[in-house]
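Enquirer: Attaching a predicted model along with its sequence, questions to come.
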Amino acid sequence: MPRPTPASMRPPGIRRTGWLCAAFVAAMVALAYASVPLYSLFCRVTGYDGTPIVGSGPAKSVSDRAVAVRFDANVAPGLDWRFAPELPGLDARLGETQTTFFRVSNTGRTAATGIATFNVQPGQAGAFFVKLQCFCFNEQTLQPGETVEFPVVFYIDPALAADRSLDDISSITLSYTYFAYRNGEPVTASAATPLKPNL
């Protein structure tokens, strides 16, 4: 039975192919890890898929057109928290800076850590929903019985009025969901398990 050829004695073409395959696999693994933060950044910059844009300052103008903004708060299974907006909604003129608060309480018997994600519906309105201050994606640990209020500061870009495809939009929903957060990652429940509404 012939002995296997040592790697150093194999033809250069085979060694090069092996290195290329290993580099390709390493690049795909790195891309998989980077895809989530890159997608999140893309959504926050463009408003894609109902993701509000992160702004650095107030709007340059305020319009007379108003849109009803509704607030939705949910807690994913596995986190014994109560989570609700201060107000069910408000009417916001385009470009007018608005501040509202969300209250979260740990109703469990032990300390717990959670992280909130968010979305805007209808999705096409995400490109015009600009958040100036938000608690989303910030890890938060609450002791048993502890309650915290978080502000959300936002405005709706007056450019929404110039988009003819959005003429029929009279209301926008800003929705948050708190997930349990362990070992640096959100703990998501199976799709079959419903979220607990806290409104």
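Expert: Ah, there it is.

Enquirer: Give the other helices and strands that the strand ranked longest in the chain contacts.
Expert: Looking across the chain with DSSP state E, the single longest strand is strand 171-182. Packing partners of strand 171-182 (3 or more Cβ pairs under 8 Å, 6 or more residues apart in numbering; DSSP states H and E): strand 66-75, strand 81-85, strand 112-121, strand 147-156, strand 185-187. Every residue, glycine included, has its C-beta placed from N, CA and C.

Enquirer: pLDDT (mean, whole number) over the second one?
Expert: Model confidence over strand 81-85 averages 97 on the pLDDT scale.

Enquirer: does residue 108 sit in a helix, a strand or a coil?
Expert: coil (DSSP: H, G, I helix; E, B strand; the rest coil).

Enquirer: give the contact list for it.
Expert: 80-81, 144 (Cβ atoms under 8 Å, 6 or more residues apart in numbering).

Enquirer: Where does the prediction get shaky in the chain?
Expert: 1-15, 18-52, 183-199 (pLDDT under 70).

Enquirer: With adjacent residues omitted, what lies nearest to residue 140?
Expert: Counting by Cβ to Cβ, 6 or more residues apart in numbering, residue 140 lies nearest to residue 114, which is 5.7 Å off, once chain neighbours are set aside.

Enquirer: quick one: contacts for that neighbour?
Expert: 75, 79, 81, 104, 139-140, 142, 178-181.

Enquirer: List only buried entries from those residues.
Expert: Buried members of the contacts of residue 114, scored by 16 or more other Cβ atoms under 10 Å, are 75, 79, 81, 104, 140, 142, 178-181.

Enquirer: Would you reformat the helices and strands packed on strand 171-182 as TSV and include distance to residue 93?
Expert: Listed next are the helices and strands packed on strand 171-182 as TSV, based on distance: least, Cβ to Cβ, whole Å:
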stretch	distance to residue 93
strand 66-75	5
strand 81-85	20
strand 112-121	18
strand 147-156	8
strand 185-187	35
